[in-house]
Structures are given as C-alpha cells and as structure tokens.
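> Sequence and predicted structure, then a few things I'm wondering about:
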Amino acid sequence: MSASVTGRCHCGRVTYESTKPVNWSCFCHCEDCRRSTGAVAAAFVGFDRTAFEWTSAKPAVYPSSEGVRRLFCGDCGTPLAFDADRYGEEIHLYTGTLDHPENTPATFSVYAEEKIPWVHLGDGLKAYAKSGSGEEY
Ligand SMILES: [Zn+2]
Ligand SMILES: [Zn+2]
C-alpha cells in the first residue's frame, strides 16, 4: 500500500499530496482557528514540507498573524492549511480536507485553555494548555 496521503478543497481546484504519512493529528481549540475556519474547533495533521506538494492550483494566502499564513481555496473558500515560520519543517493541513481523514485520528488537543466549554472532541485525549510543546492542561 502506498504511504501517499491526499486531500482537496470542496470544489477540487486545490489538491495536495504527501508522499509520507502524517507526523501527528490533533484538535486545536484556539480562537484564531475558530475565526479562520468558522468551526467551533479545528483539527490538523502535520506533514513534512519536503514530502508535501500542491498538486493542482496553489491556494490563496491570508496572513493571519505575524509569521503565520492561512491558506485557502480562492474559488470555494475552503480553509486548507496553517503555514507558520516557526514550524519551518512542517506544514499543517486541516484534517477535514484529507481524502481519508478516517485513517488519521486525532491523538491530542492543543490550546485547550481556549476551548468552548460545550465542545467535546476526543475527551480523554492528552491536552495541552497552549501548543503541543508546552504544559499539559
Ligand atoms: Zn476550492
Ligand atoms: Zn489553533
């Protein structure tokens, strides 16, 4: 079986492929992700940049904060990726854009301190107050 992982936006104009499996899969409860997706929480997978490529049209870019770009389809508006200078080796794709999200279950949560109280996603998973390199929540 190929290790290739693929995904796309809603209209299919922007597609992507990674020749390596995801490095990790998580939920993010930060307000920036809420506002830029319109969803009550975001879910991400991390890919090595060296294995990842956009395979049709390139996404549009919105600079959401210093050193951070949110990538989305310029035609249908689907949020696709979080691209930050501070994660130089990795690009983070929204899990819901994968062709087979069922293969990459989230195993932890980040920015748990910003979570909406009534949102219950992956309860019981390891959770971090802020980023996954910081303190547990
Ligand atoms: Zn699209
Ligand atoms: Zn976030």
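Sure, I can see it. Ligands and ions are numbered 1, 2, ... in the order given.
> drop to CA atoms for contacts and neighbour counts, all remaining ones
Will do.
> ok, and the residue nearest to Pro105 when sequence neighbours are not counted, which helix or strand is that part of?
Of all residues not flanking Pro105 in the chain, Ser25 sits nearest, at 6.3 Å (Cα to Cα, 6 or more residues apart in numbering). Per DSSP states H and E, Ser25 falls inside strand 24-28.
> same check, this time on His120
Going by DSSP H and E, His120 is not part of any helix or strand.
> List phi and psi for Val40.
Main-chain torsions, Val40, degrees, to the nearest 10: phi -70, psi -10.
> Just the pLDDT for the closest residue in space to it that isn't next to it in sequence.
Leaving aside its chain neighbours, Val40 sits nearest to Arg34 (5.5 Å; criterion: Cα to Cα, 6+ apart). On the pLDDT scale, Arg34 is placed at 96.
> What of Pro59?
Pro59 is given a pLDDT of 98.
> where does it fall, phi/psi-wise?
phi -70, psi 160.
> Likewise for Tyr87?
According to degrees, to the nearest 10, Tyr87 has phi -110, psi 60.
> That one: neighbouring residues, count only.
14 (other Cα atoms under 10 Å).
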